[in-house]
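Engineer: predicted structure and sequence below. I'll ask about it afterward.
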Amino acid sequence: MSTPFRFTSPPAPRSATGRVAATYEQLSRDFGVDRPPTFVILSSAPELLTAAWALTRESLIAGAGSRTDRELVALGVSLANQCPFCVDAHTVLLHATGDHALAERLARGQRPENEEHARLLDWGRRTRVPGAALEPYPFPRAELPAYLGTAFAFHFVNRIVSALVTEDLLPAGVQRFRAVRSMAGRSLSATVRRTAVPGASLALLDDPGDAPAWAGDSPVGPAYAALRRAATLGAGLLPEDERALVRRTLAAWDGSHPSLTHAAFPDRAERPGARLALLAALAPYRITGADVAAWRRPEHTDHCLVHLVAYGAFAAVDRIERALSARPAEETA
């Protein structure tokens, strides 16, 4: 039986207990989709599932500002990362906000007619480039945590999905038909237009550590810190010399999409773990079964694979976030 998952077989959602079950319950209520593959794929590592959901919820769903505007940022990020699954998902979610004409214009690859919408989409795209000039922000500065949190959430989610989930949002790719996109969006409209209470996901998390300064006192901050902590655990799957290689490569990354022949990707026979992590960071859609098989050993469970991919994915998020945080305080305050 075919599944939407690549290289792993996550636990059946119906068998979930504890915080995983509570996360699925929140997902169904606040996201409007019952057990979406974007999050089920992380359930082999529950600490990643809860943190990724918390960041998504507190920024995209419960964050300050317009849901349409945050969907445009998430769509811009997904376009920049070349994640067709997520591009289709955010197009459907724009239908859910009621912005049907905008959703279809974007589905055709056209620029939004509304200039404010166009700036938001472009801003989302530019966040892929570490150190890119992101100001002036196309949203009120007071809403910065929600918009940055949305961008960082989907830089992570895009990479997880591109690495470990198939490209089709719906079976047989039927989301490519306008009527299906519209109908799917309308089925989510009541949930998407309902106001979500900020902070409800934080009860799912352990003490996450220090929140980033850009998040202020928003619940986006603890959610981001929890994801950073959970994803970084995957570094323990690599020896120190390979972790150093990942750090050096990300430090020099300019936001481009390197080809498989690029020196950034070590040979899978020599450093398969570092190769997987760097592919997850820079070009997750290029991960193959051969890459996974070269790294995987009998002791490497699905939990390990998901954590290694998450480590690479968050290494890219961390590079982008650190470049932003390194700018003068008056520019990011």
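Structural biologist: Structure received.
Engineer: distance-wise, check A16 relative to A280.
Structural biologist: Noted for A16: a distance of 25 Å to A280, by C-beta to C-beta, to the nearest Å. C-beta coordinates here come from the backbone N, C-alpha and C atoms, glycine included.
Engineer: give me the domain ranges for this protein.
Structural biologist: Recorded structural domains for the chain (assignment: automatic domain parsing) are 39-201, 232-332.
Engineer: V165 pairs with what?
Structural biologist: According to DSSP bridges, the partner residues bridging V165 are F5.
Engineer: what residues are up against it?
Structural biologist: When contacts are counted by C-beta atoms under 8 Å, 6 or more residues apart in numbering, V165 touches P4, F5, R6, P37, T38, I41, F85.
Engineer: and the residues you listed as a markdown table, adding pLDDT, neighbour count and distance to V246?
Structural biologist: Formatted as a markdown table, the entries for these read as follows, by pLDDT from 0 to 100; neighbours: other C-beta atoms under 10 Å; distance: C-beta to C-beta, whole Å:
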| residue | pLDDT | neighbour count | distance to V246 |
| --- | --- | --- | --- |
| P4 | 94 | 19 | 28 |
| F5 | 96 | 16 | 25 |
| R6 | 96 | 17 | 22 |
| P37 | 95 | 19 | 26 |
| T38 | 96 | 25 | 24 |
| I41 | 97 | 27 | 22 |
| F85 | 96 | 23 | 25 |
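Engineer: widest-spaced pair of those?
Structural biologist: R6 and T38 (13.0 Å; C-beta to C-beta).
Engineer: neighbour-wise, which of A16 and A280 wins?
Structural biologist: Comparing A16 with A280 by other C-beta atoms under 10 Å, the one with more neighbours is A280, at 28 against 19.
Engineer: now do the closest residue to G273 other than its chain neighbours against L308, distance only.
Structural biologist: Leaving aside its sequence neighbours, G273 sits nearest to L238 (C-beta to C-beta, 6 or more residues apart in numbering; 4.8 Å). According to C-beta to C-beta, L238 stands 8 Å off from L308.
Engineer: just how off-centre is the helix ranked longest in the chain within its chain?
Structural biologist: The helix that spans the most residues within the chain, counting by DSSP state H, is helix 302-325. Offset of helix 302-325 from its chain centre (C-alpha atoms, centre = their mean, to the nearest Å): 10 Å.
Engineer: pLDDT value on E330, please?
Structural biologist: Per-residue pLDDT puts E330 at 44.
Engineer: please disregard the earlier target; I meant L170.
Structural biologist: L170 is assigned a predicted lDDT (pLDDT) of 85.
Engineer: and it, what is it in contact with?
Structural biologist: Contacts of L170 (C-beta under 8 Å, 6+ apart): V180, A184.
Engineer: again, only this time at 10 Å
Structural biologist: Applying C-beta atoms under 10 Å, 6 or more residues apart in numbering, we find L170 in contact with P4, F85, D88, A89, V92, R176, F177, V180, R181, A184.
Engineer: what does E113 give?
Structural biologist: So, once contact is read as C-beta under 10 Å, 6+ apart, E113 ends up touching A101, L102, R105.
Engineer: for it, helix, strand, or coil?
Structural biologist: For E113, the assignment made with DSSP: H, G, I helix; E, B strand; the rest coil gives coil.
Engineer: likewise for D267?
Structural biologist: Recorded secondary structure, D267: coil (three-state DSSP).
Engineer: please begin residue numbering at 7 from this point
Structural biologist: Done: numbering now begins at 7, and the last item shifts to D273.
Engineer: spatially nearest residue to it, not counting backbone neighbours?
Structural biologist: R281 (7.3 Å).
Engineer: so that neighbour touches R274, yeah?
Structural biologist: Yes - R281 is within contact range of R274, at 5.1 Å (criterion: C-beta atoms under 10 Å).
Engineer: between these two, which one's more packed in?
Structural biologist: Between R281 and R274, counting by other C-beta under 10 Å, R281 is the more crowded of the two (24 against 19).
Engineer: flag every buried residue along the helix or strand where that one lies.
Structural biologist: Per DSSP states H and E: R281 is located in helix 278-288. Under the neighbour-count criterion of 16 or more other C-beta atoms under 10 Å, helix 278-288 has P278, G279, A280, R281, L282, A283, L284, L285, A286, A287, L288 buried.
Engineer: burial check on A196, number of neighbours?
Structural biologist: Neighbour count for A196, taken as other C-beta under 10 Å: 10.
Engineer: quick check: closest non-adjacent residue to it.
Structural biologist: Among residues not flanking A196 along the chain, G38 sits closest, at 7.8 Å (C-beta to C-beta, 6+ apart).
Engineer: which residues does the one you found contact?
Structural biologist: Per C-beta under 10 Å, 6+ apart, neighbours of G38: I67, L99, A102, S193, L194, S195, A196, T197, V198, R200.
Engineer: from V252, how far out is the residue nearest to G279?
Structural biologist: Applying C-beta to C-beta, the value for L244 to V252 is 7 Å.
Engineer: now do the shared contacts for these two.
Structural biologist: R277, G279, A280, A283, Y317, G318.
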